[in-house]
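Student: model the structure of this input:
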Amino acid sequence: MAQEFLLVSPLKQLLTHFRYLLTLRSQEGVYHQLILFRLTPSETAIANKISTPEDELSSAESQEVAQQLYAMEAQCPHLGADISHAEIEECDSSLVLVCPWHRYDFDLKTGHSETGLKACTYAVQVRPGGSDPPEERVWVEAPEGGTNWRLVELRPVSEDFADPPPPPPDLSHLSLSSAPEKRSDLPPEPIVPAGNPPKTLIEWAVLILNTADPTLKVQRTRHAVNAFRTGVIKSIGHRSASAPRPPEEPPREEAIIKNTVESRQMSRRKNRAVMLHALANIEQWAIDLAWDIIARFGPSNPDLPHAFFSDFTKMALDESKHFTLLTSRLAALSPATPYGSIPVHAALWESARVTFGSLRSRLAIIHLVHEARGLDVNPGTIAKFAKAGDEESVKMLEIIHADEVTHVTAGHRWFTWLCEREGIDPVKTFRDEVRRGWRGDVKGPFNVEDREKAGMTREFFEDLKGEMSIDPPNTRETAPPRVEVGYGPL
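Tutor: Reported below is the predicted structural model:
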């Protein structure tokens, strides 16, 4: 039977990074992740040559790159650890990947290991495209066990987090009543606590959830995710009877608390600063939601695979990047708009409270309703900034939107995984979860193209209405409010 190959990308678009995460989905809804490695020894020289879309690789350069492309499954076959940050070493005449968790090594070409395990490897081809002039394109062998595979995510694996934030803005022009609350003169809290530092991923998740300072929350997220990817954190901790519990609600700084209102009290104004500030507020809650799903549902679902935690730590890192980009952009506006200087609300966490009792409900309501709604409204938000001539914000919002498509994809992946494990239909189950945990219509118009890319076909969301009519215990408000920018209803 002939091998099936998937188109990945034009070759010259894969010269900016050395590793790429590929998420594939079959027609049957099966997900599979690969890592594409580019190990060309002269990659820097070739990458520097490609500075404009018109630049072309010579045939010799294309051949050199093609000979050093490898694809392997993204999880170690030992315990399913993420290998995106694994080391590559020369061993005799072979190149081997060394898993950061337990140092198992696998031949990049064959997948064989001296331990007796074998990782799945996939053939990579470079073929001329049909463009004029012809453009070299990279294709990868499709996995077995599915049909009509499609690429739903192509993401560089990078140590880069985001551009360094600009210098602190001059806030001297602000009145005392409008300036954010002064910080204490005490030294800032360290990223890694001096006493009894977290040892497991769950412990880090709970620490980050209990971190009120948003900058420190971002720094701790970066540290924990990198430590988890590189095997410094060697235990998830979700099978421990003593795993710490997440807070009922993540704390916020005093200035944010004082400026928090019910969502129905939010201003209808939609100027640039208000919209960017609203998005930054959403992203701070989104960081917490990514860690909360790990800390709240990991211990109660001990059979969750390593890939689940990889997906949601990656999501936490993305949301931290988004928060940093948005607050930096707010600081760059004239006049500067410090985060916390505009009223915010906590409606997104109220929806999280509704789902405290069920991982399936959490995935449905937060990731496949709220976050999918973000896919619908983001293009309109981007268009408003484009109309205002704010190209810097447009570029930033396009980055955020592309990431959010992958987050809905992750939500769909793990929702369908749970349904498959329980032998239930994912579409019917999703609609049942929304009826129980959502109030009012799941509103359009829908971004059908990006929803479908993430796995959310029309049968999931069309003609769907939540039937929750009263506030569940311990909640204040769960109805979708009226203002919408970014991550679904605000």
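Student: can you pull out the helices in the stretch 51-200 of the chain?
Tutor: For the stretch 51-200 of the chain, applying DSSP state H, counting those that start in this stretch gives helices covering 59-66.
Student: okay, now the unreliable bits of it?
Tutor: Residue ranges of the stretch 51-200 of the chain with pLDDT under 70: 51-66, 131-132, 158-187.
Student: can you give me the strands for it?
Tutor: Assigned by DSSP state E, counting those that start in this stretch, the strands in the stretch 51-200 of the chain fall at 69-73, 87-91, 94-98, 105-107, 121-122, 124-128, 136-141, 150-156.
Student: check the stretch 351-490 of the chain too.
Tutor: 439-441, 465-467.
Student: contacting residues around the residue positioned nearest the centre of the chain?
Tutor: Taking CA atoms, centre = their mean, the centroid of the chain lies closest to residue 315, which sits 2.8 Å from it. Residues near residue 315 by CB atoms under 8 Å, 6 or more residues apart in numbering: 290, 407, 410. Every C-beta, even on glycine, is put in place using the N, C-alpha and C of the backbone.
Student: could you rerun that using 10 Å?
Tutor: 225, 286-287, 289-291, 293-294, 367, 371, 403-404, 406-407, 410-411 (CB atoms under 10 Å, 6 or more residues apart in numbering).
Student: still on that earlier bit, so which of the strands of the stretch 351-490 of the chain is nearest residue 31?
Tutor: Ranking the strands of the stretch 351-490 of the chain by proximity to residue 31 (CB to CB) places strand 465-467 first, at 27.1 Å.
Student: on that earlier part again, okay if I get the strands of the stretch 351-490 of the chain as a markdown table plus distance to residue 306?
Tutor: Output for the strands of the stretch 351-490 of the chain, formatted as a markdown table (distance: least, CB to CB, whole Å):
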| stretch | distance to residue 306 |
| --- | --- |
| strand 439-441 | 35 |
| strand 465-467 | 33 |
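Student: ok, which of those strands comes nearest residue 420?
Tutor: Short answer: strand 465-467, nearest of the strands of the stretch 351-490 of the chain by CB to CB, at 24.5 Å.
Student: in terms of helices and strands, where is residue 33?
Tutor: Per DSSP states H and E, residue 33 falls inside strand 31-38.
Student: just to revisit the earlier point, which of the contacts of residue 315 fall within helices?
Tutor: Judged by DSSP state H, the contacts of residue 315 include 225, 286-287, 289-291, 293-294, 371, 403-404, 406-407, 410-411 as members of helices.
Student: what does stretch 228-235 contact?
Tutor: Stretch 228-235 has contacts (CB under 10 Å, 6+ apart) with 81-87, 98-103, 157, 159, 198-204, 223-227, 236, 306, 309-310, 313-314, 317.
Student: narrow those residues to just the buried residues.
Tutor: Those of the contacts of stretch 228-235 that meet the buried threshold are 81-86, 98-101, 157, 198, 200-204, 223-227, 236, 306, 309-310, 313-314, 317, by 16 or more other CB atoms under 10 Å.
Student: before we move on, the earlier item: mind checking the strands of the stretch 351-490 of the chain for the one nearest to residue 362?
Tutor: Closest among the strands of the stretch 351-490 of the chain, using CB to CB: strand 465-467, at 15.2 Å.
Student: just how off-centre is stretch 324-339 within its chain?
Tutor: Relative to its parent chain, stretch 324-339 has a centroid offset of 22 Å by CA atoms, centre = their mean, to the nearest Å.
Student: before we move on, what about stretch 337-344?
Tutor: 24 Å.
Student: endpoints of that stretch, how far apart?
Tutor: Stretch 337-344 has an end-to-end distance of 14 Å (CA to CA, to the nearest Å).
Student: so which bits of it are buried?
Tutor: Going by neighbour count (16+ other CB under 10 Å), the buried part of stretch 337-344 is 337-344.
Student: okay, now the unreliable bits of the stretch 351-490 of the chain?
Tutor: 470-490.
Student: so which residues of it form helices?
Tutor: Along the stretch 351-490 of the chain, the stretches classed as helices by DSSP H, counting those that start in this stretch are 359-362, 371-387, 391-422, 426-437, 448-453, 458-461.
Student: could you dump the strands of the stretch 351-490 of the chain to a markdown table with mean neighbour count and distance to residue 191?
Tutor: Shown next, in a markdown table, are the strands of the stretch 351-490 of the chain (neighbours: other CB atoms under 10 Å; distance: least, CB to CB, whole Å):
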| stretch | mean neighbour count | distance to residue 191 |
| --- | --- | --- |
| strand 439-441 | 14 | 39 |
| strand 465-467 | 15 | 40 |
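Student: tell me which of those lies nearest to residue 430.
Tutor: Go through those one by one with CB to CB and the one that ends up closest to residue 430 is strand 465-467, at 11.9 Å.
Student: identify the residues contacting the closest one?
Tutor: Contacts of strand 465-467 (CB under 10 Å, 6+ apart): 365, 369, 431, 433-443, 478-480.
Student: first to last residue in stretch 17-30, what's the distance?
Tutor: Span of stretch 17-30 from end to end, CA to CA: 27 Å.
Student: typo on my end, stretch 289-307
Tutor: End-to-end distance of stretch 289-307 (CA to CA): 17 Å.
Student: please apply the same query to stretch 338-353.
Tutor: Chord length of stretch 338-353, first to last residue, is 29 Å (CA to CA).
Student: next, count neighbours for residue 335.
Tutor: Residues contacting residue 335 under the criterion other CB atoms under 10 Å number 11.
Student: so which bits of stretch 217-233 are buried?
Tutor: Of the residues in stretch 217-233, 217-231, 233 count as buried by neighbour count, 16+ other CB under 10 Å.
Student: go through the residues you listed and say which is closest to residue 397.
Tutor: Nearest to residue 397 among the buried residues of stretch 217-233, with distances taken as CB to CB, is residue 218, at 18.7 Å.
Student: could you check the pLDDT of that closest one?
Tutor: As predicted, residue 218 sits at a pLDDT of 95.
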